[in-house]
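Peer 1: below are the sequence and a predicted model for it; my questions follow.
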Amino acid sequence: MEQPYYKYSHFLREKYGEKTYKLPVNLPTTCPNRDGNLDSAGCYFCGENAADFEMLPDTMSVKEQLLENKKYIGERYGVNNFIAYFQNFTNTYLPLNKLKNYVQQAAEVDGIAAVYFSTRPDSISDKYISSLEKVIEQSGKNINLAFEFGLQTVNYHTLTSVNRGHTLAEFLDAHLTAKKYNLETGAHLILNLPGDNMLDVRESARILSALKVDHVKLHALYIREKSIFGEKYKKGEIDLISLEEYIERVIVFLENLSPDIAVQRLLGRAPGNETLFVNWGREWWEIHDMIIKEMNKRGSYQAKRFDYLDGKTLKKFR
Ligand code: SF4
């Protein structure tokens, strides 16, 4: 099946010249939206273990986790080049010295080409980035530092209503700070948060394109049993869009997205046993194939409607 979008695997191959896989790392950390710093309820869609269902225990050191995952993933997929991916909760929400130590451990593992942090945009700063850059520099290795920021939507009304604890402003700040150091940035989005509509989806693609983020990861909202949304769902208080509408939203998003932004996923995965609703009861790859099939059928592709930047109104004078 022809892929009508810029796949993240191609981005990695272009960047590193070979197949490169992420090795997840589970840090013993939490989140400022859960520990009382901002709030203690967390985002309403977040389960009590955040996203750790495929992770090694956080009691293992960073180095131990990377070595174990490298052995497994390296052998299984025949890969020698890796990204240390700090994935769960808010990975930069730690005292700087601890974080530096974790990066140093990652840099000591052979085959690590990059260290990625998945984090909240309000949990990174100029000082943190420059210090982490120094740790990598001191390792003497050619390792990239990169950030994936949880944005979820650009609609600040929706961000407020899901108790996110930040708005678009913090994302802009985090992205621009990372770009000052010429670092790769990515954004995580949920395309069907209650309260958002197609215009929000389109605007998310347009804002990320104008900002020139390097990649995006799309998710469909899933409902974890132990979450505020889980409680609301059981009471019938959450309206979820249909699968057809989700497919439409992904297509609109991709058509408005810059061709230079790589796409990591079109929807996420969740553990079935602790989840009340996930991907309309289908496998993620089934929906992925439905989206691709629909795009190919319509002649749709990423950036089909990417015509709105660089003085759109001046084009008539050309
Ligand atoms: S920022 Fe992430 S870890 Fe924190 S509450 Fe929200 S979803 Fe959960």
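Peer 2: Yep, it's here.

Peer 1: hey, let's count contacts and neighbours off CA atoms from now on
Peer 2: Noted.

Peer 1: so for residue 185, what's the nearest residue that isn't a sequence neighbour?
Peer 2: residue 147 (4.9 Å; Cα to Cα, 6 or more residues apart in numbering).

Peer 1: helix or strand for the one you found, which one?
Peer 2: Using DSSP states H and E, residue 147 falls within strand 144-152.

Peer 1: what pairs with that strand, and is each one parallel or antiparallel?
Peer 2: With DSSP bridges as the test, strand 144-152 is paired with strand 112-119 (parallel), strand 184-190 (parallel).

Peer 1: let's check: the centremost residue of the chain is which one?
Peer 2: residue 188 (3.3 Å; Cα atoms, centre = their mean).

Peer 1: show me what contacts the residue in the stretch 201-318 of the chain that the ligand sits nearest to?
Peer 2: Scanning the stretch 201-318 of the chain for the residue nearest the ligand gives residue 227, at 9.7 Å (criterion: Cα to the nearest ligand atom). Applying Cα atoms under 8 Å, 6 or more residues apart in numbering to residue 227 gives the contacts 44-48.

Peer 1: TSV for the residues you listed, including secondary structure and neighbour count?
Peer 2: Formatted as TSV, the contacts of residue 227 follow (DSSP: H, G, I helix; E, B strand; the rest coil; neighbours: other Cα atoms under 10 Å):
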residue	secondary structure	neighbour count
44	coil	19
45	coil	21
46	coil	23
47	coil	21
48	coil	15
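
Peer 1: could you single out the nearest of the residues you listed to the ligand?
Peer 2: Checking the contacts of residue 227 against the ligand with Cα to the nearest ligand atom, the nearest one is residue 46 at 4.5 Å.

Peer 1: need the residues that contact the strand holding residue 147.
Peer 2: 113-121, 133, 159, 167-168, 171, 178, 183-191.

Peer 1: the residues you listed: which ones sit near the ligand?
Peer 2: For the ligand, the contacts drawn from the contacts of strand 144-152 by Cα under 6 Å from any ligand atom are residue 120.

Peer 1: give the contact list for residue 125.
Peer 2: 174, 177.

Peer 1: sorry, slip of the keys, the one I care about is residue 108.
Peer 2: 63, 139.

Peer 1: state the distance from it to residue 58.
Peer 2: Distance, residue 108 to residue 58, by Cα to Cα, to the nearest Å: 19 Å.

Peer 1: A helix includes residue 103, no?
Peer 2: Yes - applying DSSP: H, G, I helix; E, B strand; the rest coil, one finds residue 103 inside a helix.

Peer 1: what is the burial count for it?
Peer 2: Residue 103: 23 surrounding residues under other Cα atoms under 10 Å.

Peer 1: got the contact list for it?
Peer 2: Residues in contact with residue 103 (Cα under 8 Å, 6+ apart) are 115, 132, 135-136.
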